[in-house]
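1. Quick check, what structure comes out for this input:
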Amino acid sequence: MITVVGGTKGGSGKSTVATNLAVMLAAAGRDVLLVDADDQETSTDFTNLRNETRPGGAGYTCVALTGRAVMTETKRLAPKYGEVIIDTGGRDTVSQRAALAVCDIYLIPFAPRSFDVWTLDKVASLVEEARAVNPDFRALAFLNRTDPRGSDNVDAAQLISSKPELKFIEAALGNRKAFANAAAAGLAVPELRPIDSKAVEEIGILFGYLYDIEKVSKLHRVGI
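-> Numbering: from 1, shown residues only. Below is the predicted model:
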């Protein structure tokens, strides 16, 4: 399966989500390709840190691609891997459109803030246009960096649910230090010690929605 983590707004946590999914898939025994299609190359930096600090290396393969190469090279490489994750930038770029041409799932994190939710129409239009080339991919939207209280989460969820081009999924990630602390150390949240059980539970729910929930439960019990 080819999963694109994207959107049209920077700072929504795309690279954090993409790298966590890649590490968790690898820990579950999948052969994973992580494609860094973001000019900032955050996923590449994260992977380099893992390769430098972990005896077994990153645990997955990471390549940086831009432009049409995101489509052509992903199509060429995908049969060699069990899962492909593509991390795109927070803009409507050639790279993101190329990724949408080959993906099975388009996963879009939204922070429950006005500037993020205002991009809904742009994302919905992008999905509609991409389906002219790749009609069968699923566009799944969820809340990231949510507030512990207040009405913003509910209001954002209702707005996202109103867009027929997107399917809103109940797999919110909270605005937790564990995600930033893990990323800074080249780790996925389930690898961070001490364990933040709430953060692990949240990323596990998202992971389980996309992949094998039985393996997710095992990862949550024993840590990775």
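2. Where does L140 fall, secondary structure wise?
-> Using DSSP states H and E, L140 maps to strand 138-146.
3. Repeat that for D136.
-> With DSSP H and E as criterion, D136 is part of no helix or strand.
4. ok, it - contacts?
-> Shown in contact with D136 (C-beta atoms under 8 Å, 6 or more residues apart in numbering): D104. (C-beta placed from N, C-alpha, C; glycine too.)
5. Which pLDDT value belongs to it?
-> pLDDT for D136: 96.
6. how much space is there between it and I2?
-> For D136, the distance to I2 equals 12 Å [C-beta to C-beta, to the nearest Å].
7. Give the pairing partners of the strand holding L140; include direction for each.
-> Its sheet considered, strand 138-146 pairs with strand 105-110 (parallel), strand 167-168 (parallel), strand 173-174 (parallel) by DSSP bridges.
8. can you redo the ones you listed as a markdown table with distance to G6, mean neighbour count and mean pLDDT?
-> Formatted as a markdown table, these follow (distance: least, C-beta to C-beta, whole Å; neighbours: other C-beta atoms under 10 Å; pLDDT from 0 to 100):
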| stretch | distance to G6 | mean neighbour count | mean pLDDT |
| --- | --- | --- | --- |
| strand 105-110 | 6 | 25 | 96 |
| strand 167-168 | 15 | 16 | 97 |
| strand 173-174 | 16 | 21 | 96 |
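9. Distance to A99 added to those, as CSV?
-> Listed next are these as CSV, based on distance: least, C-beta to C-beta, whole Å:
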stretch, distance to A99
strand 105-110, 8
strand 167-168, 18
strand 173-174, 21
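10. which parts of stretch 28-40 are buried?
-> A28, R30, V32, L33, L34, V35, D36, A37, D38 (16 or more other C-beta atoms under 10 Å).
11. Convert the C-alpha atoms of that stretch to PDB, please.
-> Backbone C-alpha positions of stretch 28-40 (Å, rounded to 0.1, in the frame of the first residue of the first chain) are rendered in PDB as follows:
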ATOM      1  CA  ALA A  28       5.800  -4.900  12.900                       C
ATOM      2  CA  GLY A  29       7.900  -6.800  10.300                       C
ATOM      3  CA  ARG A  30       7.000  -4.900   7.200                       C
ATOM      4  CA  ASP A  31       9.600  -4.000   4.600                       C
ATOM      5  CA  VAL A  32       9.100  -0.200   4.400                       C
ATOM      6  CA  LEU A  33      10.100   2.500   1.900                       C
ATOM      7  CA  LEU A  34       9.900   6.100   3.200                       C
ATOM      8  CA  VAL A  35       9.900   8.600   0.300                       C
ATOM      9  CA  ASP A  36      10.800  12.200   1.400                       C
ATOM     10  CA  ALA A  37       9.100  14.400  -1.200                       C
ATOM     11  CA  ASP A  38       9.400  17.600   1.000                       C
ATOM     12  CA  ASP A  39      12.000  20.200   0.100                       C
ATOM     13  CA  GLN A  40      12.700  20.600   3.900                       C
END
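12. I appreciate the help and will end here.
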